[in-house]
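**Q** Using only what follows, build the 3D model:
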Amino acid sequence: MTAALEAEGLGMRFGRSWALRDCSVSLPAGSVVALVGPNGAGKTTLMHLVCGLLRPTEGRVRVFGEDAAGGSAEALAKVGFVAQEHPLYRGLTVPELLRMGQALNPGFDRTLAELRLDALGIPMNKRAGALSGGQQAQVSLALAVAKRPRLLVLDEPLANLDPVARRDFSRTLMSAVAEDGVTVLLSSHVIADLEAVCDRLVVLDRGTVRLDGAIDDVLAAHRLLSGPREAAAEVPGVVRAVHSERHSDLLVRTGLEETALHPIWQEHPVGLEELILAYLERPAVTR
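**A** Numbering: from 1, shown residues only. Below you'll find the predicted structure:
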């Protein structure tokens with residue numbers, strides 16, 4: 001099966017600084033992918049490359065087999081994008097925005113957008129600048145989904161939304177996924193929101209992919225261990241270690257079945273947020 005998104009050796013340099021370097025990832029079609037990382041990790045740069053807004057310094061990025069670099073028409077026709085600030089022409093009414101979307105995108109399904117916005121109670125007579133932040137986010141998503149993309153790229157779409165608006169946005173997103181089978185690449189700092197909608201995880205840090213996989217598989221492949229510090233050095237696959245004078249807490253990758261551990265090591269499951277933080281903090285060790 002053709003990957004929805006495939007990046008190979010991707011690098012993007014701005015002046016003397018690299019926003020991405022040797023970034024490689026392959027996302028299967030039909031997945032809802034959480035893209036996680038600290039500010040400055042390269043998330044927005046990666047998304048802009050996928051959407052054809054930037055041309056990579058190194059490597060290549062493909063969308064369903066089509067070259068996305070530099071804005072290939074074949075690739076861009078398959079991508080819907082919602083930027084972080086939900087940029088809309090503030091002086092246009094909602095119907096005017098829909099007409100613009102229809103004029104710019106040959107496959108635009110205006111009826112679909114109108115039905116979604118009507119179900120959400122979005123006031124159609126208002127200009128975009130008069131809508132609330134949550135309403136603007138919903139209009140932006142409706143415009144992107146009505147393009148009938150195969151890949152939907154969402155850059156911090158939940159930022160600055162209140163809990164009700166975040167819930168409504170997530171419901172609309174999952175409805176689009178269920179009905180259209182669209183693949184989604186979603187970045188956010190709110191791990192709880194990602195857990196509710198995503199089935200795959202990509203952790204990006206300092207321009208490089210640190211962790212990539214189905215969320216259930218990634219969690220199953222890690223565990224927390226608590227035990228004596230003198231035995232910590234014997235444990236393989238340590239991702240993060242926190243030591244006190246006599247005690248150690250370790251987050252480890254699996255592969256321990258063949259390893260004889262100290263008999264008083266205690267095992268615990270690891271949560272998604274704790275796992276992500278461990279990889280972002282690595283290789284720092286707290287003593």
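
**Q** Now do the same contact list for the residue lying closest to L143 once chain neighbours are set aside.
**A** In space, and not counting its chain neighbours, L143 is closest to G101: 4.9 Å by C-beta to C-beta, 6 or more residues apart in numbering. C-beta coordinates here come from the backbone N, C-alpha and C atoms, glycine included. G101 is in contact with 108, 110, 113, 143, 146-147, counting by C-beta atoms under 8 Å, 6 or more residues apart in numbering.

**Q** Recalculate using a threshold of 7 Å.
**A** For G101, the contacting residues are 108, 143, 146, by C-beta atoms under 7 Å, 6 or more residues apart in numbering.

**Q** Which ones among those map onto helices?
**A** Judged by DSSP state H, the subset of these located in helices is 143, 146.

**Q** which stretches of the stretch 1-150 of the chain form strands?
**A** 5-14, 17-27, 32-36, 58-63, 66-67, 79-82 (DSSP state E, counting those that start in this stretch).

**Q** Tell me where the model's unsure across the protein.
**A** The chain contains residues with pLDDT under 70 at 1, 70-71, 255-262, 282-287.

**Q** where along it do the helices fall?
**A** 43-50, 73-76, 94-104, 110-119, 133-146, 163-180, 191-197, 215-220, 272-281.

**Q** Same question for the fifth one: list its buried residues.
**A** What it means is helix 133-146. 134-146 (16 or more other C-beta atoms under 10 Å).

**Q** okay, the angle between it and helix 94-104?
**A** 30 degrees (axes from the mean of the first three to the mean of the last three C-alpha atoms, to 10 degrees).

**Q** by contact count, what packs against helix 133-146?
**A** strand 79-82, helix 94-104, helix 110-119, helix 163-180 (3 or more C-beta pairs under 7 Å, 6 or more residues apart in numbering; DSSP states H and E).

**Q** now that helix and helix 163-180, what's the angle there?
**A** Comparing the axes of helix 133-146 and helix 163-180 via the same axes, to 10 degrees yields an angle of 10 degrees.

**Q** I would like the residues contacting helix 133-146, please.
**A** Against helix 133-146 from outside (C-beta under 7 Å, 6+ apart): 80-82, 86, 88, 94, 97, 101, 108-110, 112-113, 116-117, 120, 122, 128, 131, 152, 157, 160-162, 165, 168-169, 172-173, 176.

**Q** Mark which of the residues you listed are buried, thanks.
**A** With burial judged by 16+ other C-beta under 10 Å, the buried subset of the contacts of helix 133-146 is 80-82, 86, 88, 94, 97, 101, 108-110, 112-113, 116-117, 120, 122, 128, 131, 152, 157, 161, 165, 168-169, 172-173, 176.

**Q** could the buried residues of helix 133-146 be laid out in CSV, adding distance to G207?
**A** CSV is the format used below for the buried residues of helix 133-146 (distance: C-beta to C-beta, whole Å):
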residue, distance to G207
G134, 32
Q135, 35
Q136, 30
A137, 28
Q138, 32
V139, 32
S140, 27
L141, 28
A142, 33
L143, 30
A144, 26
V145, 30
A146, 33
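
**Q** Apart from its neighbours in sequence, what residue is nearest L204?
**A** Of all residues not flanking L204 in the chain, G37 sits nearest, at 3.9 Å (C-beta to C-beta, 6+ apart).

**Q** pretty sure the one you found contacts V202?
**A** No: here G37 lies out of contact with V202, judged by C-beta atoms under 7 Å, at a distance of 8.5 Å.
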